[in-house]
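# requesting a structural model of the entry that follows:
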Amino acid sequence: SFLDILFNNNLYRIYFFIFLSILIFSFSYNNGIFWDNVLFVSKIGNHLYETNVFNWYLPDSIDNAHPPTLGFLVAILWKLFGHHLWVSHLVLIPFTVGLFYQLFKFAAFYTKPKYLTLFAFILIIADPTLFTQLVIVSPEVIQLFFFFLAINSILYQNYYLKIIGLFFLSIISYRGMMLCAGIFIFEVL
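Model prediction:
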């Protein structure tokens with residue numbers, strides 16, 4: 001059955017999360033960039049695209065004091081696939097797949113009957129605030145992926161993944177750096 005495949009075969013679970021991510025991309029690839037993401041993604045990404053993607057020295061008019069990681073990733077994909085809005089959404093697909101995987105692992109840690117894990121996972125991704133982040137281009141999806149990677153590495157006692165999760169969480173934005181402190185408190189408690 002579908003549940004047996006989802007719970008017992010890690011590869012099929014990843015395929016399922018890839019399918020979900022592509023499905024989300026397919027109905028949101030035309031959503032515009034707005035709010036503070038205009039600066040995080042569009043302005044910084046355009047500056048890096050038009051100058052040099054590896055020159056992270058930003059002019060004062062667009063320097064938001066956060067690391068320009070998402071703008072950098074978008075600029076690289078714009079160089080590869082063209083300067084289009086859908087390419088900006090394409091950047092988030094691997095992070096969405098990773099977030100789904102980490103959320104599923106997180107739910108599996110706290111729910112024992114397998115069917116409840118799937119129910120908990122659906123309940124988490126159906127949250128309007130999370131689902132909204134999945135359909136726009138924003139650094140929050142990346143932050144959530146690395147946050148749950150670090151949390152799961154603590155729960156499942158994987159020291160190396162914790163280092164990777166915390167490092168990448170800290171280079172997304174200052175909010176990610178603050179989450180590292182929260183993860184430290186979580187681990188201590």
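# low pLDDT regions in this protein?
Segments of the chain classed as low confidence (criterion: pLDDT under 70) are 1.
# please, where are all the helices along it?
Secondary structure of the chain (DSSP state H): helices at 2-8, 10-28, 37, 44-50, 69-81, 85-90, 93-110, 114-125, 128-134, 140-155, 159-170, 174-188.
# name the nearest residue to the residue positioned nearest the centre of the chain, ignoring sequence neighbours.
By C-alpha atoms, centre = their mean, the chain has its centre lying nearest to Ile142, at 2.5 Å. The shortest distance from Ile142 to any non-neighbouring residue, by C-beta to C-beta, 6 or more residues apart in numbering, is to Phe95 (4.8 Å). Quick note: C-beta positions are derived from backbone N, CA and C, even for glycine.
# so how many other residues sit close to that neighbour?
Phe95: 22 surrounding residues under other C-beta atoms under 10 Å.
# that one: what's it in contact with?
Neighbouring residues of Phe95 by C-beta atoms under 8 Å, 6 or more residues apart in numbering: 141-142, 145.
# please report how far Leu166 lies from Ala181.
10 Å (C-beta to C-beta, to the nearest Å).
# quick one, which of those two is more surrounded?
Leu166 (20 against 9).
# the more buried one touches Ile154, doesn't it?
No. Between Leu166 and Ile154 there is no contact under C-beta atoms under 8 Å: 10.2 Å.
# okay, and the common contacts of those two?
With C-beta under 8 Å, 6+ apart as the test, Leu166 and Ile154 both reach Ile183.
# return the distance of stretch 152-172 from the chain's centre.
14 Å (C-alpha atoms, centre = their mean, to the nearest Å).
# mind checking which of the helices of the chain is nearest Asp63?
Smallest distance to Asp63 across those (C-beta to C-beta): 8.6 Å, for helix 44-50.
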